[in-house]
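Novice: structure here, sequence nowhere to be found:
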């Protein structure tokens, strides 16, 4: 039995999908030349005044509504003071005592066990710039393009007890953000990133242990590995009679380890105070009611509907709704052919495999949902073999086209007429008397040999089920 319990809280930063920054009109486009999207406001020139982007307030409030937070009708921006080269003003505009959203939750399921993870708060803030270190030039550079890009920070309660729960929570959170259309959820580009506060305590103890904050995790796999390593590191320290130090640690993906970056700051270290250049944010009840009506069907509700409407198992439904574009594609295919489970099998198999192996997105798929449905129907009704269907799937995914026309052009139509196959089967049996005698003597595994011969003779176009039925009947007579 485990002697220690893991305690995990996550701080998630989600970059909002606005065209301009939070306090100025500079572009938020990713990948532009360094310092191309910078003005006097986001570069912190003296005397300039920030002007709040109203879309940021709307997006933050919608996220709060989606996770059952209380959305505060009045919230206040504060200055978070610290000095770093990528922070030109010497402070970050954030929220502290009066955030826009508080006290929500996200429901997750891990290994079949449901769990509710509390959300302490959601607040709006501006992003910092990016430091670029060049070993070749022995110099460091600062790119301020990201400075002032709007973020919401979503702070969880310390409710998670394993790396698996932390990853499930992150995936659920990302899915909600993407469904809302307020964040693209790209971990590699940093538009969805998290810091993990990790501690351990003896099983049964109520007081929390000393926590370490983990940074530099840009994939779900890295989050899992970093937390896993950090838990084992802290247990080893305690077992050796040492103390865990409160600090910020960086995850090294190449080594799978964490290492100390700096001592962990507390809130008072940042000397928060209300920003004198920004008025309190005031939301009306009418605005809140309007935003509530604009919320889309969210992932958990869609999963429940997929199970009810399409009769899918929970596993299928959870996999299909994880990405909004995948769920949309599936629904359009199901509207074209009412065989939801057969379509689900192909979506979870060929479709998701193609996305995962190639790194493609649904937007890259040249095949329409209706064409996908017709392809699956051709296989399921025996018009083409499963192998031919999988080969055609890749071609259709990458190039598009008409499944029936491709089948005809490539001569892939499956022979399902038993009358057409009977002569081939008779010829194969006659050509292999020794194997026929052995089969009839009890070596029934030789059926696979005969099936292979028929498939070779018909260049793979014979319907395997029909071939099996013919061979079994004729070899047994």
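Specialist: That came through, no problem. The structure presented is a predicted model; accordingly, all values stated were derived computationally and were not measured. Residues are numbered from 1 along each chain as shown.

Novice: in space, what's closest to the spatially most central residue of the chain - neighbours in sequence excluded?
Specialist: Compute the mean C-alpha point of the chain, and by C-alpha atoms, centre = their mean the closest residue is residue 171, 5.5 Å away. Spatially, and ignoring its direct neighbours in sequence, residue 171 is nearest to residue 220 (6.6 Å; C-beta to C-beta, 6 or more residues apart in numbering). Yep, even glycine has a C-beta here, placed from its N, CA and C like the rest.

Novice: list the contacts of the one you found.
Specialist: 167, 170, 171, 187 (C-beta atoms under 8 Å, 6 or more residues apart in numbering).

Novice: in what helix or strand does residue 104 lie?
Specialist: Assessed by DSSP states H and E, residue 104 sits inside strand 101-110.

Novice: packing partners for that strand?
Specialist: helix 54-66, strand 70-71, strand 113-126, helix 163-180 (3 or more C-beta pairs under 8 Å, 6 or more residues apart in numbering; DSSP states H and E).

Novice: any chance of those in CSV, plus mean pLDDT and distance to residue 325?
Specialist: CSV is the format used below for the helices and strands packed on strand 101-110 (pLDDT from 0 to 100; distance: least, C-beta to C-beta, whole Å):
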stretch, mean pLDDT, distance to residue 325
helix 54-66, 97, 18
strand 70-71, 96, 28
strand 113-126, 96, 25
helix 163-180, 96, 9
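
Novice: re the thing from before, which of the contacts of residue 220 are buried?
Specialist: 167, 170, 187 (16 or more other C-beta atoms under 10 Å).

Novice: for residue 468, state which of these is nearest.
Specialist: Of all those, the one with the least separation from residue 468 (C-beta to C-beta) is residue 167, at 43.8 Å.

Novice: how much space separates that closest one from residue 220?
Specialist: The gap separating residue 167 from residue 220 is 5 Å, by C-beta to C-beta, to the nearest Å.

Novice: once you drop chain neighbours, what's closest to residue 228?
Specialist: Residue 228 sits nearest to residue 163 (C-beta to C-beta, 6+ apart), 5.1 Å away.

Novice: nope, residue 87 is what I meant
Specialist: residue 128 (5.1 Å).

Novice: which residues touch the one you found?
Specialist: Taking C-beta under 8 Å, 6+ apart as the test, what residue 128 contacts is 84, 86, 87, 92, 146, 147.

Novice: for residue 70, same thing?
Specialist: Taking C-beta under 8 Å, 6+ apart as the test, what residue 70 contacts is 64, 101, 102, 103, 104.

Novice: max pairwise distance over those residues: which two?
Specialist: Going by C-beta to C-beta, the pair spanning the contacts of residue 70 furthest: 64 and 103, at 9.6 Å.

Novice: neighbour count: these two, which is higher?
Specialist: Comparing residue 64 with residue 103 by other C-beta atoms under 10 Å, the one with more neighbours is residue 64, at 26 against 14.

Novice: okay but the more buried one is in contact with residue 99, surely?
Specialist: No. Contact criterion C-beta atoms under 8 Å: residue 64 and residue 99 do not qualify, at 9.3 Å.

Novice: what touches both of the two?
Specialist: Joint contacts of residue 64 and residue 99 (C-beta under 8 Å, 6+ apart) are residue 122.

Novice: give me the nearest residue to residue 404, chain neighbours excluded.
Specialist: For residue 404, the spatially nearest residue (C-beta to C-beta, 6+ apart) is residue 374, at 6.8 Å.

Novice: and the one you found, how many residues sit next to it?
Specialist: That count, for residue 374 with other C-beta under 10 Å as the rule, works out to 19.

Novice: over to the one 4 residues further on?
Specialist: The tally of other residues near residue 378 (other C-beta under 10 Å) stands at 22.

Novice: show me what the lowest-mean-pLDDT helix or strand in the chain is packed against.
Specialist: Every helix and strand of the chain was ranked by mean pLDDT, DSSP states H and E. The lowest is helix 418-431, at a mean of 73. With contacts defined as 3+ C-beta pairs under 8 Å, 6+ apart, the packing partners of helix 418-431 are helix 447-457, helix 464-476.

Novice: could you point out which element follows the helix or strand hosting residue 352?
Specialist: Using DSSP H and E, residue 352 maps to helix 352-358. Counting by DSSP H and E, the next helix or strand C-terminal to helix 352-358 is helix 369-380.

Novice: what is the mean pLDDT for that following helix?
Specialist: Averaging pLDDT along helix 369-380 gives 93.

Novice: tell me which residues in stretch 35-42 are buried?
Specialist: 37, 38, 41, 42.

Novice: farthest-apart pair in those residues, please.
Specialist: 37 and 41, at 11.7 Å, using C-beta to C-beta across the buried residues of stretch 35-42.

Novice: give me the common contacts of the two.
Specialist: In contact with both residue 37 and residue 41: residue 26, using C-beta under 8 Å, 6+ apart.

Novice: what phi and what psi does the backbone show at residue 286?
Specialist: Main-chain dihedrals, residue 286, degrees, to the nearest 10: phi -70, psi -40.

Novice: what about it, how many neighbours?
Specialist: Based on other C-beta under 10 Å, the number of other residues close to residue 286 is 8.

Novice: and for residue 432?
Specialist: Other residues close to residue 432 by other C-beta under 10 Å number 16.

Novice: and for residue 294?
Specialist: 11.

Novice: now swap in residue 243 and tell me
Specialist: Counted with other C-beta under 10 Å, the neighbours of residue 243 add up to 10.

Novice: same thing with residue 443?
Specialist: Count around residue 443 with other C-beta under 10 Å applied: 12.

Novice: next structured bit after the host helix or strand of residue 302?
Specialist: According to DSSP H and E, residue 302 maps onto helix 299-310. Using DSSP H and E, the helix or strand that follows helix 299-310 in sequence is helix 314-321.

Novice: now what about that following helix, what contacts it?
Specialist: 109, 175, 299, 302-304, 306-307, 310, 312, 326-327, 330, 341, 344, 347-348, 352.

Novice: give me the distance between the residue nearest to residue 228 and residue 129.
Specialist: Relative to residue 129, and taking C-beta to C-beta, residue 163 is found at 31 Å.

Novice: residue ranges with poor pLDDT in this structure?
Specialist: 1, 263-268, 414-421 (pLDDT under 70).

Novice: quick check: domain ranges of it?
Specialist: Here the domain assignment for the chain is 4-288, 297-410, 418-476, based on automatic domain parsing.
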